[in-house]
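J.: Have a look; sequence and predicted model below, questions after that.
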Amino acid sequence: GAGVSQSPSNKVTEKGKDVELRCDPISGHTALYWYRQSLGQGLEFLIYFQGNSAPDKSGLPSDRFSAERTGGSVSTLTIQRTQQEDSAVYLCASSLSGQGNEKLFFGSGTQLSVL
Amino acid sequence: DAKTTQPPSMDCAEGRAANLPCNHSTISGNEYVYWYRQIHSQGPQYIIHGLKNNETNEMASLIITEDRKSSTLILPHATLRDTAVYYCIVRAYSGGGADGLTFGKGTHLIIQP
């Protein structure tokens, strides 16, 4: 596609429910990144996928968070048993191959509100 | 933790040059300086990056000091649409992956009419 697409754009859920957030990267980009941005804060790195390699999960805040990337393209971030502190904007980005000199292309994010 | 330090906010008059500073005193020789900006309710947008030479593109100029410990992003003729949060990050060329992907709180640039 023309850019990184994320869905839904907004998600309201109740505490304790599971949610799934979707990211569709730019076609041909092998690197995919998930970030979280709480209100008034910077971007917190969550997880990174590169091709078929095992993902770098070093930023995931707890074992309630998981992500997968099927077929090297679309990625899903799953949050189990959501808590109010999970409320944030979840941003996805992709880059061509994951090299350090590449620019990241971001989606518009999913605004998650946990009531 | 972010490896860069930026002022939390700045004002600039419309039509004037906006100069946004960034301190990266612990930068390594193989790390690039990147600038992104985030307009309200959107994802961050790449602006420019450089290693040690000054760089210019259609959006901005990047001035990196000789010792590479700081840099300045210059928006030559700021418009109201340039109001955004500007992030400065450093990232190694060879590291890639998740290395150097921490964004701090950035600088909230407000362009005044």
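T.: Here it is on my side, so go on.

J.: any idea whether the residue of chain B found nearest chain A is helix, strand or coil?
T.: Residue nearest to chain A within chain B: residue B:43 (3.1 Å; CB to the nearest CB). Glycine gets a C-beta too; all of them are placed from N, C-alpha and C. Classification of residue B:43 using DSSP: H, G, I helix; E, B strand; the rest coil returns coil.

J.: With the one 5 residues further on instead?
T.: The local conformation at residue B:48, judged by three-state DSSP, is strand.

J.: Mind listing the residues bridging to it?
T.: residue B:35 (DSSP bridges).

J.: related to what we said a few turns ago, the nearest residue in space to the residue of chain B closest to chain A that is not next to it in sequence: how many residues sit nearby?
T.: Using CB to CB, 6 or more residues apart in numbering or on different chains and skipping the chain neighbours, the partner closest in space to residue B:43 is residue A:106 (3.1 Å). Applying other CB atoms under 10 Å in any protein chain shown, we find 23 residues neighbouring residue A:106.

J.: Equivalent analysis for residue A:30, please.
T.: Taking other CB under 10 Å as the neighbour definition, residue A:30 ends up with a count of 17.

J.: quick one, what contacts it?
T.: Shown in contact with residue A:30 (CB atoms under 8 Å, 6 or more residues apart in numbering or on different chains): A:50, A:51, A:72, A:96, A:97, A:98.

J.: Just the pLDDT for it.
T.: Model confidence at residue A:30, expressed as pLDDT, equals 91.

J.: how near is it to residue A:83?
T.: Residue A:30 sits 33 Å away from residue A:83, going by CB to CB, to the nearest Å.

J.: circling back: I'd say the residue nearest to residue B:43 and residue A:92 touch.
T.: Yes. With contact defined as CB atoms under 8 Å, residue A:106 counts as touching residue A:92 (7.2 Å).

J.: shared neighbours of these two, which are they?
T.: Applying CB under 8 Å, 6+ apart, one finds that residue A:106 and residue A:92 are jointly contacted by residue A:4.

J.: Return the distance of the residue in chain A positioned nearest to chain B relative to residue A:12.
T.: Closest residue of chain A to chain B, CB to the nearest CB: residue A:106 (3.1 Å). Separation of residue A:106 from residue A:12 (CB to CB): 22 Å.

J.: What count of nearby residues applies to residue A:70?
T.: Residue A:70: 8 neighbours (other CB under 10 Å).

J.: Where does pLDDT dip in chain A?
T.: Applying pLDDT under 70 to chain A picks out residues A:1.

J.: Chain B contacts on that one?
T.: Neighbours of chain B within chain A, by CB under 8 Å from any CB of the partner chain: A:4, A:31, A:33, A:35, A:40-45, A:47-48, A:50, A:56, A:58-59, A:91, A:93, A:97-109.

J.: Need the contacts of residue A:30 in JSON lines (columns: secondary structure).
T.: Shown next, in JSON lines, are these (three-state DSSP):
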{"residue": "A:50", "secondary structure": "strand"}
{"residue": "A:51", "secondary structure": "coil"}
{"residue": "A:72", "secondary structure": "helix"}
{"residue": "A:96", "secondary structure": "coil"}
{"residue": "A:97", "secondary structure": "coil"}
{"residue": "A:98", "secondary structure": "coil"}
